[in-house]
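**Q** this one's structure only:
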């Protein structure tokens, strides 16, 4: 160096993995708008638009709706770090990789962890869940609503109700539900929800939209020790986004993207958007079953955003994925942990959830399975 | 909702604050390239390009050159969190806001903090610094190379040398130096450096480029306790970027941006780029002094990227900034802490550092000061 570098040229991928999903042209256009400073009046105007639009997308009357400057994993860590103090009893419900990850974070942040677990992709029994919480009487209860590792939608209402009986706050992972299926923060009794920008909202990765209930904010204010993470300290973040006091250099570009993604959600309307996701998911399942494959998760418990058909006997899932990438420039994902080699993880979410894409995936997948058998 | 939202239209700002600086058209073009997944071969190819280009920009032979998925503040926290264990003696050199912030983080992460401080904008005496380190014998030594709150460049070589004598690792904040003036990681004996995307590199905010020396990596491997932050755990991040094992959904879009910003640095050549920043900084200072203003930081200690002229007596700096924003759509910043109301902070960095911009700033600033007197 110095030497010449050709401008970056990325391949056009058909993104049907567990995220990122494909990005709407309007979102790309928003990101090409000129950057403004993180204390600019226009930036804070955008922050307020995002606050209102997030309230709608999360179905909540909460006012604490912000986007953390990181990916969904930073939202998970913000939730755990802010609501856990050393020695707190933390009740975790887990039936997948991301549930387990919450537990890993809770341990790192000094929690006394108690776990109610089910095999990956099996539902919780509401009565069992209630009894677990009543017996353990934790200060924090965490559960994943949309488990990206298994394609499962966990019902959270009974868990949150029981948590509130014992005065616990509830943390719910909505990374793969927001913008694609009902999250219903207020109706479900969720105190702290976090998600990401790159799945149901159809933006690039880089922000973690969160919402926090007034009762959880009271808990924050009553902390005895500072949050270990300065970067993810929600009270400092509120001081920045609401009080306009400098904390970090939030990215105007990423806020433009999520504002646009959320505006698209509001224009479509949540119910219509959920219905679109449901119909395309059902068409996908019908196609999969017509091919003689079966779904890993039972009907009624399935995510509409992320589908997990089982890998047929005698098929190497890695070969299928390689073939799809090479022949179709199409990304799907495999399973991991106990589901490694056993399921495909195929996203139909956000801008990517269309009838045409479902047909395209099914046809390509059939071709790939023939090839890899 | 549903209701219609006009596509986002951001104002065109002339960004001459402490960052973000203006973004090169080529970087915007890179960000409009299609998103790929965080496990896509093209993503990892981009990660390797960024690794090599960061090694060049940081003037280091380190191989651990990664971009953390957050802003510069996340890089600061990654540095502090990964290299501090509870009870570790942490020696902080501070003469500004960001030095103080490192101390705040070190306390949160359980360090036994010892501080050598100077008034904001005054240099450290190398002999005093050495004696402080030899006396305290810390495990970690931290100092800000380019102090964004004061416009000061701190010499770090004597500090790093003394730190190595007592077997400490050295953390150096290069947020406002990388891409604009010499960082010289290897020559200065810096073990852990972090920076941001939106200043000297001319990209939007959202990534924190870091480099870590082999001896600091040994320290990481010898940790007795896990890093509290899962999101910022550098060994997990290395497992992802080098080992291709999933950790979080890094943003292809932001990596496209920083690849392009770093390619522009390499094409210009570091020495030529530094010289451009130096000349434009000196032209700015000459203009400021011709207006009868003086600089806060002594000659020879000044950043070339961020200039801090003193606010003249009788001038309200907030009025000046408001006038510039309204009449010129121009952003500059004020001081804070002990420098509130006393200095302007005016960036000439990255793509924004041109002779034409210097003339434009000087003319607009003279107009604004007349108006606000």
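**A** Done, it's in. Computed from a predicted structure; not experimentally measured. Numbering: from 1, shown residues only, chains lettered A, B, ... in the order given.

**Q** Strands of the stretch 1-150 of chain A, start to end?
**A** Assigned by DSSP state E, counting those that start in this stretch, the stretch 1-150 of chain A shows strands spanning A:14-15, A:64-68, A:89-94, A:112-117, A:140-144, A:146-147.

**Q** what's the answer for the stretch 251-373 of chain A, then?
**A** A:306-307, A:330-331, A:333-334, A:344-347.

**Q** quick one: which of those strands is nearest chain B?
**A** Chain B lies closest, by Cβ to the nearest Cβ, to one member of the strands of the stretch 251-373 of chain A: strand A:330-331, at 5.0 Å. The C-beta positions use only the backbone N, C-alpha and C, and glycine is treated the same way.

**Q** is the closest one up against chain B anywhere?
**A** Yes - using Cβ under 8 Å from any Cβ of the partner chain, strand A:330-331 comes into contact with chain B via residue A:331.

**Q** re the thing from before, could you redo the strands of the stretch 251-373 of chain A as TSV and give each row mean neighbour count?
**A** Putting the strands of the stretch 251-373 of chain A into TSV (neighbours: other Cβ atoms under 10 Å in any protein chain shown) gives the following:
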stretch	mean neighbour count
strand A:306-307	30
strand A:330-331	22
strand A:333-334	20
strand A:344-347	27
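
**Q** Just put the ones you listed in JSON lines and tack on distance to residue B:192.
**A** JSON lines is the format used below for those (distance: least, Cβ to Cβ, whole Å):
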{"stretch": "strand A:306-307", "distance to residue B:192": "37"}
{"stretch": "strand A:330-331", "distance to residue B:192": "34"}
{"stretch": "strand A:333-334", "distance to residue B:192": "33"}
{"stretch": "strand A:344-347", "distance to residue B:192": "36"}
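
**Q** would you turn those into a markdown table with mean pLDDT?
**A** Formatted as a markdown table, the strands of the stretch 251-373 of chain A follow (pLDDT from 0 to 100):
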| stretch | mean pLDDT |
| --- | --- |
| strand A:306-307 | 98 |
| strand A:330-331 | 98 |
| strand A:333-334 | 98 |
| strand A:344-347 | 98 |
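
**Q** if I look at the closest residue to residue A:118 other than its chain neighbours, how far off is chain B?
**A** Using Cβ to Cβ, 6 or more residues apart in numbering or on different chains and skipping the chain neighbours, the partner closest in space to residue A:118 is residue A:95 (4.1 Å). Per Cβ to the nearest Cβ, to the nearest Å, residue A:95 is found 19 Å from chain B.

**Q** Tell me if I'm right that residue A:95 and residue A:119 touch.
**A** Yes - look at residue A:95 against residue A:119 with Cβ atoms under 8 Å: they come within range, at 6.7 Å.

**Q** which of those two has more neighbours?
**A** residue A:95 (23 against 9; other Cβ atoms under 10 Å in any protein chain shown).

**Q** quick one: contacts for the more buried one?
**A** A:117-124, A:144, A:147, A:150, A:152, A:154 (Cβ atoms under 8 Å, 6 or more residues apart in numbering or on different chains).

**Q** on that earlier part again, confidence score at the residue nearest to residue A:118?
**A** In this model, residue A:95 is scored at 98, pLDDT.

**Q** Provide the backbone phi and psi angles at it.
**A** phi -140, psi 40 (degrees, to the nearest 10).

**Q** Is it possible to get a markdown table of the strands of the stretch 1-150 of chain A that adds mean neighbour count?
**A** Below are those laid out as a markdown table (neighbours: other Cβ under 10 Å):
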| stretch | mean neighbour count |
| --- | --- |
| strand A:14-15 | 23 |
| strand A:64-68 | 25 |
| strand A:89-94 | 24 |
| strand A:112-117 | 18 |
| strand A:140-144 | 29 |
| strand A:146-147 | 28 |
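
**Q** In a markdown table, list the ones you listed along with distance to residue A:33.
**A** Below are these laid out as a markdown table (distance: least, Cβ to Cβ, whole Å):
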| stretch | distance to residue A:33 |
| --- | --- |
| strand A:14-15 | 23 |
| strand A:64-68 | 17 |
| strand A:89-94 | 41 |
| strand A:112-117 | 44 |
| strand A:140-144 | 34 |
| strand A:146-147 | 31 |
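
**Q** For residue B:100, find the nearest of the ones you listed.
**A** Evaluated over the strands of the stretch 1-150 of chain A, closeness to residue B:100 peaks at strand A:64-68, with 23.4 Å, by Cβ to Cβ.

**Q** Show residues contacting that closest one.
**A** A:47, A:50-52, A:54-55, A:58, A:74-75, A:78, A:194, A:197, A:207-214, A:217, A:232, A:234, A:237-238, A:241, A:254-255, A:258.

**Q** buried subset of the residues you listed?
**A** Taking 16 or more other Cβ atoms under 10 Å in any protein chain shown as the criterion, what is buried in the contacts of strand A:64-68 is A:47, A:50-51, A:54-55, A:58, A:74-75, A:78, A:194, A:197, A:207-213, A:217, A:232, A:234, A:237-238, A:241, A:254-255, A:258.

**Q** Contact residues of the stretch 51-200 of chain A facing chain B?
**A** Within the stretch 51-200 of chain A, the positions lying close to chain B (Cβ under 8 Å from any Cβ) are A:56, A:69-74, A:76-77, A:81, A:101, A:104-105, A:107-109, A:196, A:198.

**Q** Just the ones in helices from these, please.
**A** Among these, the residues falling in helices (DSSP state H) are A:56, A:72-74, A:76-77, A:81, A:101, A:104-105, A:107-108.

**Q** quick one on the thing from earlier: sort out which one of the contacts of residue A:95 lies nearest residue B:282 for me.
**A** residue A:144 (56.4 Å).

**Q** Assess the claim that the closest one and residue A:172 are in contact.
**A** Yes - counting by Cβ under 8 Å, residue A:172 is a contact partner of residue A:144 at 7.4 Å.

**Q** about what we covered before: same list (the contacts of residue A:95) but as JSON lines, adding pLDDT.
**A** Formatted as JSON lines, those follow (pLDDT from 0 to 100):
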{"residue": "A:117", "pLDDT": "98"}
{"residue": "A:118", "pLDDT": "98"}
{"residue": "A:119", "pLDDT": "97"}
{"residue": "A:120", "pLDDT": "97"}
{"residue": "A:121", "pLDDT": "95"}
{"residue": "A:122", "pLDDT": "97"}
{"residue": "A:123", "pLDDT": "98"}
{"residue": "A:124", "pLDDT": "98"}
{"residue": "A:144", "pLDDT": "98"}
{"residue": "A:147", "pLDDT": "98"}
{"residue": "A:150", "pLDDT": "98"}
{"residue": "A:152", "pLDDT": "98"}
{"residue": "A:154", "pLDDT": "98"}
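
**Q** how about these, which pair is most distant?
**A** A:119 and A:144 (14.4 Å).

**Q** Narrow the residues of the stretch 51-200 of chain A next to chain B to just the buried residues.
**A** Neighbour counting with 16+ other Cβ under 10 Å marks A:56, A:69-74, A:76-77, A:81, A:101, A:105, A:107-109, A:196, A:198 as buried within these.
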